[in-house]
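Enquirer: got a structure for you, letters missing:
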């Protein structure tokens, strides 16, 4: 299962509100998700991120979309993935 951290749109017409979610790559944009990692309100330019949850998914190999990557950098989420140790 390929996990992607991306945005899911909510809100009303012309009043968008986004959830940052960890979802299976095959799920539709606004469909099922595995966990809510944060939110973003473009009207207020305000993002809230659960850093521990985001870093957990990244550590487990989740891919991050470009827009979410920019939000994570602004909010101080570590995007460094842990390389598997050669035993």
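Expert: Right, received. Where do you want to start? Only a predicted model underlies this, so the values are computations on that prediction, with no experimental measurement involved.
Enquirer: What segments of the protein are helices?
Expert: Listed in chain order, the helices of the chain (DSSP state H) span 51-59, 66-74.
Enquirer: contact partners of the last one?
Expert: What that stands for is helix 66-74. Applying Cβ atoms under 8 Å, 6 or more residues apart in numbering, the set of residues contacting helix 66-74 from outside is 5-7, 20, 38, 40, 47, 49, 54, 64, 79. Using the backbone N, CA and C atoms, a C-beta is placed for each residue, glycine as well.
Enquirer: Buried residues in that helix, which are they?
Expert: Under the neighbour-count criterion of 16 or more other Cβ atoms under 10 Å, helix 66-74 has 68, 71-72 buried.
Enquirer: Same check on stretch 44-58?
Expert: Across stretch 44-58, burial judged by 16+ other Cβ under 10 Å covers 47, 49, 53-55, 57-58.
Enquirer: Any idea how far it is from the middle of the chain?
Expert: The chain centre lies 7 Å from the centre of stretch 44-58; the measure is Cα atoms, centre = their mean, to the nearest Å.
Enquirer: neighbouring contacts of that stretch?
Expert: 3, 5, 20, 22, 35-41, 64, 71-72, 74-79, 81.
Enquirer: how long is it end to end?
Expert: End-to-end span of stretch 44-58 (Cα to Cα, to the nearest Å): 27 Å.
Enquirer: Output the below-cut-off pLDDT ranges for this structure.
Expert: Residues of the chain meeting the criterion pLDDT under 70: 81-87.
Enquirer: Which residue ranges of this structure form strands?
Expert: Using DSSP state E, the strands assigned to the chain run over residues 3-12, 15-24, 35-41, 46-49, 63-64.
Enquirer: Which parts of the second one count as buried, going by neighbours?
Expert: Within strand 15-24, the residues scored as buried using 16+ other Cβ under 10 Å are 18-23.
Enquirer: For it, which strands pair with it and how are they oriented?
Expert: strand 3-12 (antiparallel), strand 35-41 (antiparallel) (DSSP bridges).
Enquirer: that older thread, residue 27: which of the buried residues of stretch 44-58 is nearest?
Expert: residue 57 (14.5 Å; Cβ to Cβ).
Enquirer: what separates the closest residue to residue 25 other than its chain neighbours from residue 20, distance-wise?
Expert: On the basis of Cβ to Cβ, 6 or more residues apart in numbering, the spatially nearest residue to residue 25 that is not a chain neighbour turns out to be residue 2, at 4.1 Å. Relative to residue 20, residue 2 is positioned 17 Å away (Cβ to Cβ, to the nearest Å).
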